[in-house]
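*Asks:* Quick one, fold the following:
(one chain, ligands or ions: 1)
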Amino acid sequence: MKAVEVIDKLKCRFPNEPEYIQAVEEVLSTIEDVYNEHPEFERYNLIERLCIPDRVFTFRVSWVDDKGNVQNNMGYRVQHNNAIGPYKGGIRFHSSVNLSILKFLAFEQTFKNSLTTLAMGGGKGGSDFSPRGKSDMEVMRFCQAFITELWRHIGPDTDVPAGDIGVGGREVGYMYGMYKKMAREFTGTFTGKGLDFGGSLVRPEATGYGNVYFLLNMLATKGIDIKDKKVAISGSGNVATYTAKKLLELGAKVVSMSDSNGSIYVPEGINQEQLDYIFKLKNIYRGRIKEFAEEYDCQYFEGERPWQHAVCDIAMPSATQNELDGDDARALLANGCFAVSEGANMPSTPEAIKEFLTAKILYAPGKAANAGGVSVSGLEMAQNSQKLNWSAEEVDAKLKGIMAEIHKQCTIYGTEEDGFINYVKGANVAGFMKVARAMMAQGII
Ligand code: NDP
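*Replies:* Have a look, this model is predicted:
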């Protein structure tokens, strides 16, 4: 079946899954050339098999809130593809979670994990439960109820979940505790665990740091120094805060951050004390970014994203999918933005991506730029298997090496005749080829 026929069929089969279809279309539109060079792929109907998840678990999660009321949420795990390693991908807790979003994330994860050079397949899971406004006890009871159902489908060599939006160290700890009790074994079934029970140094920092390392590789192709560059970041969670931390360390200026209620703009760049404040605000007090604007008297845009307001050289969207649209892209370009490196998964809409590619700026899609998180998760799995802990320097050096290798793969498959590096094409083709070869070798299963 041709790629375009696969998309048409998926649209008929899954008409209510727009994010999933968007992700599939984006990948298939860039791999068509290499796909056509391999007629055996078509004979094996490889594309369709690669687009449809191996299996999806859907379940009810019932738990009791602090007032004694019984609450019901939906739980999911999408095991997308394990051709090159056990299913691997985060768990998202957010009110917007549905099957379309998790299927797009699991699909993307398959290509991202392939790019990391490590042996990990793709998966993703989550729930429409939102930890925001819940007490610690409520979050714990929910995590335990969620895992009571999921535990039988995961394992260190089967499927290894981790964090994502709404799932940080606290949630992973509660889920891992319950998993361990149900499975009656202590294995590396989750990554992002606490350091005292098998977690890896640098895992919390890895996605943000990795994105900055990827950015440095891109800037190097143009001989540009990061120092004093103005960077607009969206989000103020795990990925955003560690991206900001590394940028400050390197002398760049972080001019904006945001949450789902609005964004702040600090034209001169936030300082270390202000970043520490944001970290505490978000992780300890679980407050809103608006409180930063009140504390430091800076501009705050209620209900708005940074892109139309923050004048910047570089944009690093690090909140959620489809958070940067065509108008935002045009505003960024008009303000002189010359690089976009995605911390979030699929934050730019297809229209925005088109703008960036037409303008031929440095544009790195999330599956390449944010692969540092899952890469260090892979390193956590390796440490757990060996029952060893590596030093922060060792893990950070490996992370830098992996990001450089991902960048290299993108340039191999994405460099065009005029020298422009199409990172979208490069990442998709490199990620696809490894999985495709493995699937061909393993037969039709
Ligand atoms: P967190 O939950 O730690 O932070 C998410 C941030 O994004 C918060 O500031 C949140 O605001 C904001 N946000 C969430 N949803 C929306 C929305 N609908 N509109 C506007 N803002 C929103 O998540 P992470 O930092 O872990 O994840 C951020 C992105 O990075 C996601 O796309 C995730 O898939 C991706 N990613 C994460 C990895 C990881 O290792 N954690 C690895 C690779 C990718 P609020 O506080 O108001 O909810």
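*Asks:* show me the contacts for residue 72.
*Replies:* Residue 72 makes contact with 60, 61, 62 under the criterion C-beta atoms under 8 Å, 6 or more residues apart in numbering. For glycine as for every other residue, the C-beta is placed from the backbone atoms N, C-alpha and C.
*Asks:* Any quick ChimeraX command for the buried ones out of those residues?
*Replies:* A single ChimeraX command selects the buried members of the contacts of residue 72 (16 or more other C-beta atoms under 10 Å):
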select :61
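*Asks:* Now go through the contacts of residue 72 and say which are in strands.
*Replies:* 60, 61, 62 (DSSP state E).
*Asks:* Around the ligand, which positions in this protein sit nearby?
*Replies:* By C-beta under 6 Å from any ligand atom, the residues of the chain that approach the ligand are 163-166, 168, 207, 235-240, 259-261, 318-320, 323, 343-345, 370, 373.
*Asks:* Quick one: buried ones out of these?
*Replies:* Judged by 16+ other C-beta under 10 Å, buried ones among these: 163-166, 168, 207, 235-240, 259-260, 318-320, 323, 343-345, 370, 373.
*Asks:* What sits closest to the residue in the chain positioned nearest to the ligand if chain neighbours are left out?
*Replies:* For the chain, the residue closest to the ligand is residue 237, as judged by C-beta to the nearest ligand atom, at 1.8 Å. Once flanking residues are discounted, residue 237 sits nearest to residue 282: 6.5 Å by C-beta to C-beta, 6 or more residues apart in numbering.
*Asks:* how about that neighbour, secondary structure?
*Replies:* State at residue 282, reduced to three classes by DSSP: H, G, I helix; E, B strand; the rest coil: helix.
*Asks:* So what would you say the end-to-end distance of stretch 191-208 is?
*Replies:* Length of stretch 191-208, first residue to last, C-alpha to C-alpha, to the nearest Å: 16 Å.
*Asks:* Report the buried residues of that stretch.
*Replies:* 191-193, 198-208.
*Asks:* Export those to CSV and append columns for pLDDT.
*Replies:* Output for those, formatted as CSV (pLDDT from 0 to 100):
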residue, pLDDT
191, 98
192, 98
193, 98
198, 97
199, 98
200, 98
201, 98
202, 98
203, 97
204, 96
205, 98
206, 98
207, 98
208, 98
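*Asks:* Could you single out the nearest of those to residue 111?
*Replies:* Residue 111 has its nearest neighbour among these in residue 207, at 16.3 Å by C-beta to C-beta.
*Asks:* okay but that closest one is in contact with residue 239, surely?
*Replies:* Yes: applying C-beta atoms under 8 Å as the test, residue 207 and residue 239 come out as touching, 4.7 Å apart.
*Asks:* okay, and the common contacts of the two?
*Replies:* Taking C-beta under 8 Å, 6+ apart as the contact rule, residue 207 and residue 239 both touch 343, 370, 373.
*Asks:* and these, which of them are in helices?
*Replies:* residue 373 (DSSP state H).
*Asks:* got a markdown table for the shared contacts of residue 207 and residue 239, with pLDDT too?
*Replies:* Listed next are those as a markdown table, based on pLDDT from 0 to 100:
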| residue | pLDDT |
| --- | --- |
| 343 | 98 |
| 370 | 98 |
| 373 | 98 |
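*Asks:* Spatially, what comes nearest to residue 302 if we skip its sequence neighbours?
*Replies:* residue 262 (4.5 Å).
*Asks:* try residue 98
*Replies:* Nearest residue to residue 98 in three dimensions, chain neighbours excluded: residue 128, at 7.0 Å (C-beta to C-beta, 6+ apart).
*Asks:* So for that neighbour, what pLDDT did the model give?
*Replies:* Looking at residue 128, its pLDDT is 98.
*Asks:* With residue 338 instead?
*Replies:* Listed pLDDT for residue 338 reads 98.
*Asks:* From residue 362, how far off is it?
*Replies:* Going from residue 338 to residue 362 by C-beta to C-beta, to the nearest Å gives 7 Å.
*Asks:* Repeat that for residue 427.
*Replies:* Distance, residue 427 to residue 362, using C-beta to C-beta: 13 Å.
*Asks:* Have a look at the two and say which one is more surrounded.
*Replies:* The neighbour count for residue 427 versus residue 362, taken as other C-beta atoms under 10 Å, is higher for residue 427 (29 against 21).
*Asks:* So that one sits against residue 365, correct?
*Replies:* Yes: under the criterion of C-beta under 8 Å, residue 427 makes contact with residue 365 at 5.7 Å.
*Asks:* would you turn the contacts of residue 72 into JSON lines with distance to residue 308 and pLDDT?
*Replies:* Formatted as JSON lines, these follow (distance: C-beta to C-beta, whole Å; pLDDT from 0 to 100):
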{"residue": "60", "distance to residue 308": "41", "pLDDT": "98"}
{"residue": "61", "distance to residue 308": "38", "pLDDT": "98"}
{"residue": "62", "distance to residue 308": "42", "pLDDT": "98"}
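*Asks:* Pick the one among the contacts of residue 72 closest to residue 134.
*Replies:* So of the contacts of residue 72, ranked by how close each gets to residue 134 (C-beta to C-beta), first place is residue 61, at 13.4 Å.
*Asks:* how close does the closest one get to residue 148?
*Replies:* Residue 61 sits 8 Å away from residue 148, going by C-beta to C-beta.
*Asks:* Residue 159 now?
*Replies:* The spacing between residue 159 and residue 148, counted by C-beta to C-beta, is 16 Å.
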